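Engineer: return atomic coordinates for the entry below.
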Amino acid sequence: MISRTLPLSNNRAAHYLEQGAGEPLVLIHGVGMQAQAWYPQIEDLSRDFRVISVDMPGHGDSDALDANAGLQQFVAWAIEFIEALNAGPVNLAGHSMGSLIAAGVAVTRPDLVKRVAVLNGVYRRTQQARDAVLQRAAELRSGTIDIDTPLKRWFNADEAQRLAAQKVETWLKSVNIAGYATAYTAFARGDEVYADGWHTIACPALVLTGSDDPNSTPEMARQMAAAAHHGQAVVIDDERHMVNLTAPEAVNLALRAWLQTAPVAELTKSEV
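Structural biologist: Below you'll find the model as predicted:
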């Protein structure tokens, strides 16, 4: 696995991990995580693809955006990163906050996205759910970081999940709290920013979540998939929010099937 840094505008740089060769697959993690959070997918998918896992702004070794940046600014950053790769249209997958970014790129710059995958994404939260996320964002902005609560929400007591939880705990303890707070606030306010644009997504769209994820619910996944032209919802039984870590085999199989789906030009031709 190669560690790289890509210079972007405003004297900012994006750090990413790269492994493998072939069609480019760009992975964007969720709030509080880092590029390493895709390790089961990097290991498996890099056998057949050029896997590029990037640190989100203010996470890992990527420079932060302005403190008041919203989801649109994170999407603009992702667009700039993909353009700077100079790899042509990419397969783009995101988890949680990363899924909001990936969907935003697919809506606003479809020319850059060959296929899009949304893992544990959010879509039109209830007001109660939105208020709860906004409260957590406010706590982070005050300098308070609660690690135990998300760990209990994301993982159960099974041995395999405990090992994944230990890795996630390490990443949460090392995250820059200012960068975390900025991203979490954008995440808290971002579930409707590109929601109306899902009906414009024409490329193959995988929308995946766990059956037991209370915040990125199966119903949200089904609604997103139904709105896209070529969407598919996949719900993995008995899994929660960190499904890419706790059910890597099932997630990797779903991603491989998505990556084998005909790109939009071929799909459009077959419909004529």
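
Engineer: low-confidence stretches in this protein?
Structural biologist: 264-272 (pLDDT under 70).

Engineer: tell me what the residue nearest the centre of the chain is bridged to.
Structural biologist: Per Cα atoms, centre = their mean, the C-alpha nearest to the average position across the chain is that of residue 94, at 2.1 Å. Beta-bridge partners for residue 94, by DSSP bridges, are residue 28, residue 118.

Engineer: just the helices from this protein, written as ranges.
Structural biologist: Counting by DSSP state H, the chain has helices at residues 39-45, 71-85, 97-108, 127-141, 148-154, 159-174, 177-188, 218-227, 243-246, 248-259, 264-271.

Engineer: out of those helices, flag the one nearest residue 13.
Structural biologist: helix 71-85 (10.1 Å; Cβ to Cβ). Where C-beta positions appear, they are placed from N, C-alpha and C, glycine not excepted.

Engineer: distance between that closest one and the chain's centre?
Structural biologist: Relative to its parent chain, helix 71-85 has a centroid offset of 13 Å by Cα atoms, centre = their mean, to the nearest Å.

Engineer: residues contacting residue 153?
Structural biologist: Residue 153 is in contact with 214, 240, 241, counting by Cβ atoms under 8 Å, 6 or more residues apart in numbering.

Engineer: likewise residue 174?
Structural biologist: residue 34.

Engineer: rewinding a little: okay if I get the helices of the chain as JSON lines plus distance to residue 16?
Structural biologist: JSON lines is the format used below for the helices of the chain (distance: least, Cβ to Cβ, whole Å):
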{"stretch": "helix 39-45", "distance to residue 16": "11"}
{"stretch": "helix 71-85", "distance to residue 16": "8"}
{"stretch": "helix 97-108", "distance to residue 16": "13"}
{"stretch": "helix 127-141", "distance to residue 16": "24"}
{"stretch": "helix 148-154", "distance to residue 16": "24"}
{"stretch": "helix 159-174", "distance to residue 16": "16"}
{"stretch": "helix 177-188", "distance to residue 16": "16"}
{"stretch": "helix 218-227", "distance to residue 16": "26"}
{"stretch": "helix 243-246", "distance to residue 16": "17"}
{"stretch": "helix 248-259", "distance to residue 16": "18"}
{"stretch": "helix 264-271", "distance to residue 16": "25"}
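
Engineer: closest to residue 59 out of those?
Structural biologist: Each of the helices of the chain has some distance to residue 59 by Cβ to Cβ; the shortest is helix 177-188, at 5.7 Å.
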